[in-house]
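Novice: Have a look at this prediction, sequence included:
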Amino acid sequence: MFKAELSDSSILKTSFDAISSIVDEVQIQTDSEGMRLDALDRSHITFVHLELKASLFDEYVCDVPEKINIDTGEFMSVLKRAKSQDRVIMSLDEGNFIITFEGDATRTFKIRLIDIEYDNPTPPELEHPASFKVHFGILKDAINDIDIFSDKIALQVDEDYFRASADGEFGDASVKYLHGENINTQEKSLFSLDKIREMLKADKFSEEAEIGLGTDMPLKLTLNMVTGDGKLSFLLAPRLESDE
Amino acid sequence: MFKAELSDSSILKTSFDAISSIVDEVQIQTDSEGMRLDALDRSHITFVHLELKASLFDEYVCDVPEKINIDTGEFMSVLKRAKSQDRVIMSLDEGNFIITFEGDATRTFKIRLIDIEYDNPTPPELEHPASFKVHFGILKDAINDIDIFSDKIALQVDEDYFRASADGEFGDASVKYLHGENINTQEKSLFSLDKIREMLKADKFSEEAEIGLGTDMPLKLTLNMVTGDGKLSFLLAPRLESDE
Amino acid sequence: MFKAELSDSSILKTSFDAISSIVDEVQIQTDSEGMRLDALDRSHITFVHLELKASLFDEYVCDVPEKINIDTGEFMSVLKRAKSQDRVIMSLDEGNFIITFEGDATRTFKIRLIDIEYDNPTPPELEHPASFKVHFGILKDAINDIDIFSDKIALQVDEDYFRASADGEFGDASVKYLHGENINTQEKSLFSLDKIREMLKADKFSEEAEIGLGTDMPLKLTLNMVTGDGKLSFLLAPRLESDE
């Protein structure tokens, strides 16, 4: 039996807003510790990992581990229908993932489970030479600034600044942010703007993003709930300069 | 002579938002008692009836009954231009329906009258086995919930609950609402989601909707102004299960 | 050296919202007195003139006059990225017009200068028989009112009223506004609705518009900053009745 109840749908909404734009299908794994998923997009560029601990939920029951294979777009369509004051209850029956919103009315949605074998991807273990925190809003701004002139974005960090920049045919854009952290290296890597934009849809998960950066290494972006009850992280493969 | 003056355009706006999405042309009939219209959509699925009593208006004059044939889309375009603080004055000249908004400026719109004979449809007299009230918001939510999985909606009522539901290929959705009324029957009928959506555009008319339901009978949806000065009602033909 | 610093981007934004919809490229001329531009749209229908005095800026340096040729669309894309609390700094390097926004982060945009000879147009000197002021909002409303029935708008003025009107196939619209000014003539001219709409994008420049009108003469629309630090004006060629 699996049942998970939440008084607030916003963490689910913001997570799956990002996840559903990265992958079409996922396998959610549940056990007594909570819910988690690992997924890799079709072009093998973005890896996403979500962890929601049992402690996040008002009520959480999972006596036998379950593997819930669903279409992320359908789950997102359902989550969008939640109102802020609705309680959210997730459960399972024979062939469906069941989401119930309790408010003035009781609204029940059954999403068909996808009957496939699913190999959960394992992310590479990476040690990033530079790790630091940035306000989520700074990242969102940078994406939209860069977008005026380019579809690629260079992220770099040095002792003082975190920078996002791009040189385009018609102009250049750069964002410079005093990170205030103890960093003793200079790292720089190039990424697809669209791919970063997908990850940043999870903008309600956390106000702060933890960034792991290394020259020509994948970007690691980690969002931690302040309560410690949940984590959403991404690994994004770099673009090589010769891609330009 | 016909002249009708209102300090608030919202009842006209919300009524014609629904009416203009159902029928392209209408005949508004005016007499000393007020304004009314009856119309049937081209596919003969939705019947709409609007009644605005003379008492609704700040000033109302109609010494000779008039028949005002107009294009509903044009009237709606004009109504959208009203500001919340504008006075609205409706009148007639030889060939035009005249709408005036009085605010900082005086803004006058003349919509050409359509010169056709118009047979006003008469709605069938129906006795619905179940009648009950539902918050308008519950209906609007249900439409958008069901829309995720289907383009048809089953409405049903029993002793305790009003339900809206649909089974789709990729999932099911259902809304269950404790109606709190004295109903001793079970009724169920199937409708087109799009057709219900058209009627529900009149969402500013009333906070409560009165529903008449009977198995495989048309749906009756009645909106009454709290002041008793106006009424907007719809009859919607059911879809047969074999339509699926 | 050229450097101009502002604590508020709204005047630039609203000016270039209009300018970029009228002309694709402009030459901004700077000298010790301030910045200015004169431009004529490709079809020679709209002339636009912008003047921003040195006194408007928190800091303004221009020891040698400069001619800054830029793409208006790119400049507008950059200006849209300014936040209300950002400081805006404009400067030049060898081949770029540089715009910097200073807030939580420092965001720098370099727009390529266009390397062309540019003949600055000189507007015709016109004496309008009628000049008067109108709230900007009245004009914006009139445009949207008229738009329901026509793509041309007649502007006229007499001793008492300023009027905007159009007769269309399916209806007429007219706006009448008591101007309260001392005017002893009657003037009327016809204009393209789309061309007026372009000018009215500068709706944050000033709450009041000064209108110069003469029968079959170009429309003059002047926006003055209340502080006297800036002016944005337009001349719009009339349409002849036979255009209809």
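Specialist: Nice, thanks for sending it over.

Novice: Tell me how chain A divides into domains.
Specialist: A:2-112, A:130-243 (automatic domain parsing).

Novice: Same list (those) but as a markdown table, adding distance to chain B.
Specialist: Yep, even glycine has a C-beta here, placed from its N, CA and C like the rest. What follows is these, written out as a markdown table (distance: least, Cβ to the nearest Cβ, whole Å):
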| stretch | distance to chain B |
| --- | --- |
| domain A:2-112 | 4 |
| domain A:130-243 | 19 |
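
Novice: what's the closest of those domains to C:Val226?
Specialist: domain A:130-243 (31.2 Å; Cβ to Cβ).

Novice: any residue of the closest one up close to chain C?
Specialist: Yes - using Cβ under 8 Å from any Cβ of the partner chain, domain A:130-243 reaches chain C at A:135, A:137-138, A:141-142, A:144-145, A:148-149, A:170-177.

Novice: out of those residues, which are inside strands?
Specialist: The strands, defined by DSSP state E, take in A:His135, A:Gly171, A:Asp172, A:Ala173, A:Ser174, A:Val175, A:Lys176, A:Tyr177 from the residues of domain A:130-243 next to chain C.

Novice: correct me, but the fourth one touches C:Arg107?
Specialist: It refers to A:Ala173. Yes - the pair A:Ala173 and C:Arg107 passes the contact test of Cβ atoms under 8 Å, sitting 7.4 Å apart.

Novice: list residues touching both of those two?
Specialist: Counting by Cβ atoms under 8 Å, 6 or more residues apart in numbering or on different chains, the residues touching both A:Ala173 and C:Arg107 are A:Asp145.

Novice: which regions of chain A lie under the pLDDT threshold?
Specialist: Applying pLDDT under 70 to chain A flags the ranges A:241-244.

Novice: Give me the buried entries from the residues of domain A:130-243 next to chain C.
Specialist: A:138, A:141-142, A:145, A:148-149, A:171-177 (16 or more other Cβ atoms under 10 Å in any protein chain shown).

Novice: Now the residue of chain A most remote from its centre. Its backbone dihedrals?
Specialist: Ranked by distance from the centre of chain A (Cα atoms, centre = their mean), the top residue is A:Phe170, with 32.1 Å. Phi and psi for A:Phe170, reported as degrees, to the nearest 10, are phi -100, psi -10.

Novice: And A:Ser21, by the same measure?
Specialist: Dihedral angles (degrees, to the nearest 10) for A:Ser21: phi -90, psi -10.

Novice: Please name the nearest non-neighbouring residue to it.
Specialist: Spatially, and ignoring its direct neighbours in sequence, A:Ser21 is nearest to A:Glu198 (4.5 Å; Cβ to Cβ, 6 or more residues apart in numbering or on different chains).

Novice: where exactly do the helices run in chain A?
Specialist: A:10-22, A:72-80, A:136-146, A:193-199 (DSSP state H).

Novice: Tabulate these in TSV, adding columns for distance to A:Asp93.
Specialist: As requested, those are exported to TSV (distance: least, Cβ to Cβ, whole Å):
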stretch	distance to A:Asp93
helix A:10-22	20
helix A:72-80	15
helix A:136-146	37
helix A:193-199	32
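
Novice: Nearest to A:Asp58, out of those?
Specialist: Here helix A:10-22 is closest among the helices of chain A (Cβ to Cβ), at 12.7 Å.

Novice: got the angle for the closest one vs helix A:72-80?
Specialist: 150 degrees (axes from the mean of the first three to the mean of the last three Cα atoms, to 10 degrees).

Novice: hang on, A:Phe191 packs against A:Lys152?
Specialist: Yes - if you go by Cβ under 8 Å, A:Phe191 and A:Lys152 touch, sitting 6.9 Å apart.

Novice: Touching both of these two, which residues are there?
Specialist: Taking Cβ under 8 Å, 6+ apart as the criterion, A:Phe191 and A:Lys152 both touch A:Arg239.

Novice: Please tell me how far A:Asp160 sits from A:Asn184.
Specialist: 11 Å (Cβ to Cβ, to the nearest Å).

Novice: who has more neighbours, those two?
Specialist: A:Asp160 (13 against 8; other Cβ atoms under 10 Å in any protein chain shown).

Novice: For beta bridges, what are the partners of the residue nearest to that one when sequence neighbours are not counted?
Specialist: Closest residue to A:Asp160 apart from its sequence neighbours, by Cβ to Cβ, 6+ apart: A:Leu178 at 6.2 Å. In this entry, A:Leu178 is beta-bridged to A:Tyr161, by DSSP bridges.

Novice: A:Leu178: neighbour count?
Specialist: 11.

Novice: hmm, back to that, same list (the buried ones among the residues of domain A:130-243 next to chain C) but as a markdown table, adding distance to C:Ser91.
Specialist: Converted to a markdown table, those look like this (distance: Cβ to Cβ, whole Å):
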| residue | distance to C:Ser91 |
| --- | --- |
| A:Ile138 | 23 |
| A:Asp141 | 21 |
| A:Ala142 | 21 |
| A:Asp145 | 18 |
| A:Ile148 | 18 |
| A:Phe149 | 18 |
| A:Gly171 | 14 |
| A:Asp172 | 14 |
| A:Ala173 | 15 |
| A:Ser174 | 14 |
| A:Val175 | 17 |
| A:Lys176 | 16 |
| A:Tyr177 | 21 |
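
Novice: what's in contact with stretch A:186-194?
Specialist: A:45, A:128-130, A:143, A:146-147, A:150-159, A:166, A:213-219, A:236, A:238-241, A:243.

Novice: which of the residues you listed are buried?
Specialist: A:45, A:130, A:143, A:146-147, A:150, A:152-157, A:166, A:213-214, A:217-219, A:236, A:238-239.

Novice: Which of these fall within strands?
Specialist: A:Ala130, A:Lys152, A:Ile153, A:Ala154, A:Leu155, A:Gln156, A:Val157, A:Ala166, A:Leu213, A:Leu219, A:Leu236.

Novice: who touches the fifth one in this structure?
Specialist: Contact analysis of A:Leu155 by Cβ under 8 Å, 6+ apart lists A:Phe162, A:Arg163, A:Ala164, A:Lys188, A:Ser189, A:Leu190, A:Phe191, A:Ile211, A:Leu213, A:Leu219.

Novice: switch the cut-off to 7 Å
Specialist: Each residue near A:Leu155 by Cβ atoms under 7 Å, 6 or more residues apart in numbering or on different chains is listed here: A:Ala164, A:Ser189, A:Phe191, A:Leu213, A:Leu219.

Novice: of those, closest to B:Thr227?
Specialist: Nearest to B:Thr227 among the contacts of A:Leu155, with distances taken as Cβ to Cβ, is A:Ala164, at 58.0 Å.

Novice: The closest one against A:Ile153, yeah?
Specialist: Yes - using Cβ atoms under 7 Å, A:Ala164 makes contact with A:Ile153 at a distance of 5.6 Å.

Novice: what's the overlap in contacts for those two?
Specialist: In contact with both A:Ala164 and A:Ile153: A:Ile146, using Cβ under 7 Å, 6+ apart.

Novice: So which of the domains of chain A is nearest B:Asp38?
Specialist: Comparing those by Cβ to Cβ, domain A:2-112 comes nearest, at 32.3 Å.

Novice: looking at it, A:Ala209 is touching A:Phe136, isn't it?
Specialist: Yes - between A:Ala209 and A:Phe136 there is a contact under Cβ under 7 Å: 5.1 Å.

Novice: Have a look at the two and say which one is more surrounded.
Specialist: More neighbours surround A:Ala209 than the other of A:Ala209 and A:Phe136, with 25 against 19 (other Cβ under 10 Å).

Novice: how much space between the more buried one and B:Tyr161?
Specialist: Taken as Cβ to Cβ, the span from A:Ala209 to B:Tyr161 is 45 Å.

Novice: And A:Tyr161, by the same measure?
Specialist: 61 Å.
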